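Enquirer: here is a sequence together with a model predicted from it:
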Amino acid sequence: MTFKDKVIYQIYPKSYLDTTGSGVGDLQGIIQKLDYLQDLGVDMLWLNPIYPSPQYDNGYDIADYVAINPDFGTMDDFEELVAEAKKRNIDIMLDMVLNHVSTHHEWFQKALAGDKYYQDFFILRDEPTDWVSKFGGNAWAPFGDTGKYYLHLFDITQADLNWRNPNVRKELYDVVNFWRAKGVHGFRFDVINLIGKDQALKNNSNNDGKPEYTDKPITHEYLRDLNLTTFGQDPESITVGEMSSTTIENCILYTRPDRHELSMAFNFHHLKVDYENGQKWTTKSFDFEELKNLFHTWGEEMSEGDGWNALFWNNHDQPRALNRFVDVKNFRVKGATMLAAAIHLSRGTPYIYMGEEIGMVDPDFDSMEDYVDVESINAYRIMTEEDGKSATDAFKTIQAKSRDNSRTPMQWDETANAGFSTGTPWLATGNHFDINVEADKEGEILNFYKDLIKLRKDKPIISEGTYKAALKDSPNVYAFIREYGDKKLFVANSFANEEVEIELPEEFVGGEILTNNYDEYEAGKLAPYQSIAIFSK
Ligand code: TEU
């Protein structure tokens, strides 16, 4: 099966629909929304982790890989979800967090109890390196009272696994095959480019250790082994690797079909163009030139290298794109449809994060107490206690960059709690009075997404065409040309909140318009956040 004409929808189960009044979303809630998702036209649903977990990192701290967190429901509910989705020609993609496990996992508990077999499942050292955790602070913690330390690149409750140990790899491959046996055809591999730690772990303080464990050559060997032992045996499989701080060269190697590693890769460079000096916990306007050049470089080099990009603006770790890349107060709707076209008409597999299809925005909570994410809480403490930032400035940074911004409950309607729950939501809802599915059914964004999703199936130039940059010198417009056979498609997306001029390449002047997020198109001009796609004559 080709995945190139597919569109994948990401659901943060905790925030999608609660059917029990617990305040937490559940699997039955997703089942209830399958007709909505079928109508949207998506092909696969990526579910963030649904396994038993102490929830220090909202499920990315897994305590049992082959069970269902009872807060979300039962294994029967999951099997019902798979079956009901399949009836609607929708497949499931599960989140495989194989770089680390919860310290509550039995493997870690047995290791702590002195079981040498399981101690070799982890990365233990007498002398820790000077690496920094991605959630702030030291990346090593005392391993009980053994005098050793264990590595945790993320939270202290997320112990990194030792992939050099063939027993670890066997256990993890068995996990993937367990879910394949349940009818799962999709897998998202969490920070999978971090699994290849060197045996000799060296200090690297100026880079907080990233070069010692990121994109190591052995990672490709592990992925090929994983592929051939598990999902590679399934012609229907679609796999995506989340690649932290990766490179284009590696993403071509991770995704080139002849290498039998993964179908596609997420990279995050385009979501760091509003980082000041590469630091997430800052607040600056995004650099459009940098964004445009990144899209062109990745688009052209992955196209030429036969790699495959996962295309996205939003996910559960990011603030809502509308608040970052658009004058959202004045152009929320046109900005949302322009951002959609900019990736859905590009080369790669588009991902829709829940709520993106109705233009959901950040909640702008007014108190630090409203933010619950471990990364945000750590960041606020570091900003105020170590970096000398005022509480006000630190809070403004959290408001802009917290991962909670995208984790607020899905906004179904304007009733209490946005129709998400009859109980008290685990995280407060955002502005659901003006922005919700019911309201947008009569609106523009949802229908524009439906059209784009359908076009990806109807027009091979979108799913199969090459990618070339266009209008590279234009200060406000991100444009590219897709080519397939004797057809060419010119796509221009204005990131300006005012009218701009564009010079349409001659071969497209008077061509058939494929998409336009405005009613009209005036040759040579783009209205604020206008996106057009025009065929060559
Ligand atoms: O995220 C990987 C990662 O690097 C995150 O730290 C993310 O990029 C960052 O928070 C953006 O500011 C994956 C999961 O998507 C994330 O939810 C988990 O917390 C993390 O791995 C650990 O499993």
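Expert: Looks like it arrived, so ask away.
Enquirer: for the rest of this, base every contact and every neighbour count on C-alpha atoms.
Expert: OK.
Enquirer: ok, now which ones touch the residue of the chain found nearest the ligand?
Expert: As assessed by Cα to the nearest ligand atom, the ligand sits closest to residue 60 within the chain, at 4.6 Å. Applying Cα atoms under 8 Å, 6 or more residues apart in numbering, one finds that residue 60 lies in contact with 49, 53, 97, 101, 102.
Enquirer: list, one by one, the residues from this structure near the ligand.
Expert: Counting by Cα under 6 Å from any ligand atom, the chain comes close to the ligand at 57, 60, 134, 154, 190, 191, 244, 317.
Enquirer: would you list the residues you listed in TSV and tack on pLDDT and distance to residue 221?
Expert: As requested, the residues of the chain next to the ligand are exported to TSV (pLDDT from 0 to 100; distance: Cα to Cα, whole Å):
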residue	pLDDT	distance to residue 221
57	97	29
60	98	24
134	93	25
154	97	24
190	98	17
191	98	16
244	93	18
317	98	28
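Enquirer: top of those by neighbour count?
Expert: residue 60 (27 neighbours; other Cα atoms under 10 Å).
Enquirer: just checking, it is part of a strand?
Expert: No - going by DSSP: H, G, I helix; E, B strand; the rest coil, the assignment for residue 60 is coil, not a strand.
Enquirer: next, give phi and psi for the residue lying closest to residue 315 once chain neighbours are set aside.
Expert: Nearest non-adjacent residue to residue 315, counting by Cα to Cα, 6 or more residues apart in numbering: residue 353, 5.5 Å away. Dihedral angles of residue 353 (phi, psi; degrees, to the nearest 10) stand at phi -90, psi 140.
Enquirer: my guess is residue 353 contacts residue 317, does it?
Expert: No - counting by Cα atoms under 8 Å, no contact exists between residue 353 and residue 317, whose distance comes to 10.8 Å.
Enquirer: partners of the helix or strand harbouring residue 10, with directions?
Expert: Under the criterion of DSSP states H and E, residue 10 resides in strand 8-11. Strands that pair with strand 8-11, judged by DSSP bridges, come out as strand 44-47 (parallel), strand 349-353 (parallel).
Enquirer: average pLDDT across it?
Expert: Over the span of strand 8-11, the pLDDT mean works out to 98.
Enquirer: helix/strand/coil for the residue positioned nearest the centre of the chain?
Expert: The centroid of the chain falls nearest to residue 315 when counting by Cα atoms, centre = their mean (4.1 Å). Three-state assignment for residue 315 (three-state DSSP): coil.
Enquirer: just confirm residue 296 is within a strand.
Expert: No - Residue 296 sits outside any strand when classified using three-state DSSP, being helix.
Enquirer: returning to that earlier point: from the residues of the chain next to the ligand, which two are the most distant?
Expert: 57 and 244 (17.0 Å; Cα to Cα).
Enquirer: which residues touch the residue nearest to the centre of the chain?
Expert: With Cα under 8 Å, 6+ apart, residue 315 has these contacts: 10, 353, 406.
Enquirer: about what we covered before: and the contacts of the strand holding residue 10?
Expert: 42-48, 315, 349-354.
Enquirer: all helices of the stretch 201-350 of the chain, in order?
Expert: 210-213, 217-229, 248-255, 288-304, 321-325, 328-344 (DSSP state H, counting those that start in this stretch).
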